[in-house]
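>>> Quick check, what structure comes out for this input:
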Amino acid sequence: MTSNLKFGLEDHQTLGFKKHDHGLCVDHALEAAEAKCAEMGLRLTPVRRKVLELLLQKHRALGAYAILDMLREAGFGSQPPVAYRALDFLSEHGFVHKIERLNAFVACAHPGENHSPAFMICRLCDAVAETQSTPARGELGKAARAAGFQIEKTVVEAEGVCPDCLDKTDA
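The predicted model follows:
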């Protein structure tokens, strides 16, 4: 079962632009993070959990300083290393992804799965949707194999307009 189905979505749909039970989405992602940490012997400290929870609740990409402001409001301190250490841990273990174009972070829509994410970023509202990609099997993969290159990581970010913003411009 893919995590898309856990969130009540059909396979291959992207989470960020679809209507769904957001509370259930947050709960499942936190449960998946806690289970993966327990399985791997990792510590999901209170500040790491709070950063993940904030990203899940906002359902959009947030910069480190915005996260730091929210952590401060929640009583977790105000020094930048607090946020950066939590984001490094969460990113290293696949609970969040860095959106390079926005220099921001988004909670993983497929927690607990080994996958190659691709992101669709709305140029009007900065909403981000995650889907899965298979760059090693596509044209990039063919070119890499022909060059004798082994792909270890890709960052795929597409910029466009999300359905909500499209609806607003059509009105």
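>>> For the rest of this, base every contact and every neighbour count on C-alpha atoms.
Will do.
>>> Relative to Gln150, how far out is Glu113?
With distances taken as CA to CA, to the nearest Å, Glu113 is found 21 Å from Gln150.
>>> More neighbours: the two, which one.
Neighbours were counted for Glu113 and for Gln150 using other CA atoms under 10 Å; Glu113 has more, 14 against 10.
>>> Checking my notes, that one in a strand, right?
No: Glu113: not assigned to a strand; according to DSSP: H, G, I helix; E, B strand; the rest coil it is coil.
>>> Quick one, grab the pLDDT at it.
Note on Glu113: pLDDT of 72.
>>> How about Glu10?
On the pLDDT scale, Glu10 gets 34.
>>> Show me the helices in the chain, by range?
Remark: helices assigned in the chain by DSSP state H are 3-6, 22-40, 46-58, 64-73, 80-92, 139-147, 163-170.
>>> Out of these, flag the one nearest Val155.
helix 139-147 (12.0 Å; CA to CA).
>>> which one of the helices of the chain lies closest to Gln132?
helix 3-6 (10.6 Å).
>>> so where is this structure shaky, pLDDT-wise?
Applying pLDDT under 70 to the chain flags the ranges 1-22, 112, 171.
>>> Report the separation between Arg43 and Leu62.
Applying CA to CA to Arg43 and Leu62 gives a distance of 23 Å.
>>> same thing with Phe89?
For Phe89, the distance to Leu62 - CA to CA - is 16 Å.
>>> if you count what's nearby, which of these two comes out ahead?
Per other CA under 10 Å, whichever of Phe89 and Leu62 has more neighbours is Leu62, with 21 against 16.
>>> if I pick Leu56, what's in contact with it?
Val26, Ala29, Val106, Ala107 (CA atoms under 8 Å, 6 or more residues apart in numbering).
>>> let's go with 10 Å and repeat that
Counting by CA atoms under 10 Å, 6 or more residues apart in numbering, Leu56 makes contact with 22-23, 25-27, 29-30, 50, 96, 106-109.
>>> next one: Thr45
Per CA under 10 Å, 6+ apart, neighbours of Thr45: Val51, Ala86.
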